[in-house]
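Enquirer: Model the structure of this input:
(2 chains)
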Amino acid sequence: GNSVTQMEGPVTLSEEAFLTINCTYTATGYPSLFWYVQYPGEGLQLLLKATKADDKGSNKGFEATYRKETTSFHLEKGSVQVSDSAVYFCALSDTALRNSGGSNYKLTFGKGTLLTVNP
Amino acid sequence: KAGVTQTPRYLIKTRGQQVTLSCSPISGHRSVSWYQQTPGQGLQFLFEYFSETQRNKGNFPGRFSGRQFSNSRSEMNVSTLELGDSALYLCASSLWGHNQPQHFGDGTRLSIL
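Expert: Next up, the predicted model:
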């Protein structure tokens, strides 16, 4: 079955530090890949996505590249801010369902990584 | 544009009771999915509805059920509540189509005493 493994955390950084959160996946076919962010007391917000190999998703200074050869989708940001403190989830879509013409309505998530950025 | 709205935000129940949670998707979104989030198991897919039909179901017991109305609003029901059902229940909606992302609500926090 599909699975997503991401670094456990928590990750604690100082403001303006470089961030990497590792994510690897196991899936049949070629899933779409996502990063979601969850702030305290809120639901998940889509941060970025990539739908095919070598695609780079980017948003708000965050980037992730879909690496088929290493089955990875690592999240990076060059300079983190205190406001980036949140839990980050890597996720993939179900390829079989996608190929049937549907949307990404069944996501498999990693366990989440808590990021704390100190001033 | 209003986001996904879930009600209520918080709910406290006792074992053996049943509960109904509500989700109003983003206008124009016809696909609604439900997820359970717990510290131990993380985020797990419950089921997905499109045009009032359940298209896919996760690995949860039959106590968990749902439905979707003609206006795309969805409800999920949990019967005979157990302590382990304490969780954040998240609803997500999306447009139909290839690679459309899911948009999540803020969830309903269900606590079982």
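
Enquirer: Could you pull up the residues touching the closest residue to A:S3 other than its chain neighbours?
Expert: Excluding the flanking residues, the one nearest A:S3 by CB to CB, 6 or more residues apart in numbering or on different chains is A:T26, at 4.7 Å. For glycine as for every other residue, the C-beta is placed from the backbone atoms N, C-alpha and C. A:T26 makes contacts with A:2-4, A:71, as judged by CB atoms under 8 Å, 6 or more residues apart in numbering or on different chains.

Enquirer: Neighbour-wise, give me the winner out of those.
Expert: Tallying neighbours with other CB atoms under 10 Å in any protein chain shown puts A:V4 at the head of the contacts of A:T26, with 24 neighbours.

Enquirer: Report the separation between the residue nearest to the spatial centre of chain A and chain B.
Expert: Among the residues of chain A, the one closest to the centroid is A:W35, at 2.7 Å (CA atoms, centre = their mean). From A:W35 across to chain B, the span is 11 Å (CB to the nearest CB, to the nearest Å).

Enquirer: That residue looks like it's in a strand, true?
Expert: Yes: assessed with DSSP: H, G, I helix; E, B strand; the rest coil, A:W35 lies in a strand.

Enquirer: Tell me the spatial nearest neighbour of it, not counting adjacent residues.
Expert: According to CB to CB, 6+ apart, the nearest residue to A:W35 is A:L47 (4.4 Å).

Enquirer: and that neighbour, how many neighbours does it have?
Expert: A:L47: 20 neighbours (other CB under 10 Å).

Enquirer: quick one: the strands in chain A?
Expert: For chain A, the strands defined by DSSP state E occupy A:3-6, A:11-14, A:19-21, A:23-26, A:33-38, A:44-50, A:56-59, A:62-65, A:75-77, A:86-93, A:107-109, A:113-118.

Enquirer: so A:C23 bridges to which residues?
Expert: Counting by DSSP bridges, A:C23 forms beta bridges with A:Q6.

Enquirer: Surely A:Q38 and A:F109 touch.
Expert: No: taking contacts as CB atoms under 8 Å, A:Q38 lies outside contact range of A:F109: 10.4 Å.

Enquirer: who touches B:L21 in this structure?
Expert: B:6-8, B:11, B:75-78, B:89, B:91, B:108, B:110.

Enquirer: and with 10 Å instead?
Expert: Neighbour list for B:L21: B:6-8, B:11, B:34, B:66, B:74-78, B:89, B:91, B:107-108, B:110 [criterion: CB atoms under 10 Å, 6 or more residues apart in numbering or on different chains].

Enquirer: and the spatially closest residue to B:P25 that is not a sequence neighbour, bridged to which residues?
Expert: The shortest distance from B:P25 to any non-neighbouring residue, by CB to CB, 6+ apart, is to B:S93 (3.2 Å). Taking DSSP bridges as the rule, B:S93 bridges to B:V32, B:H103.
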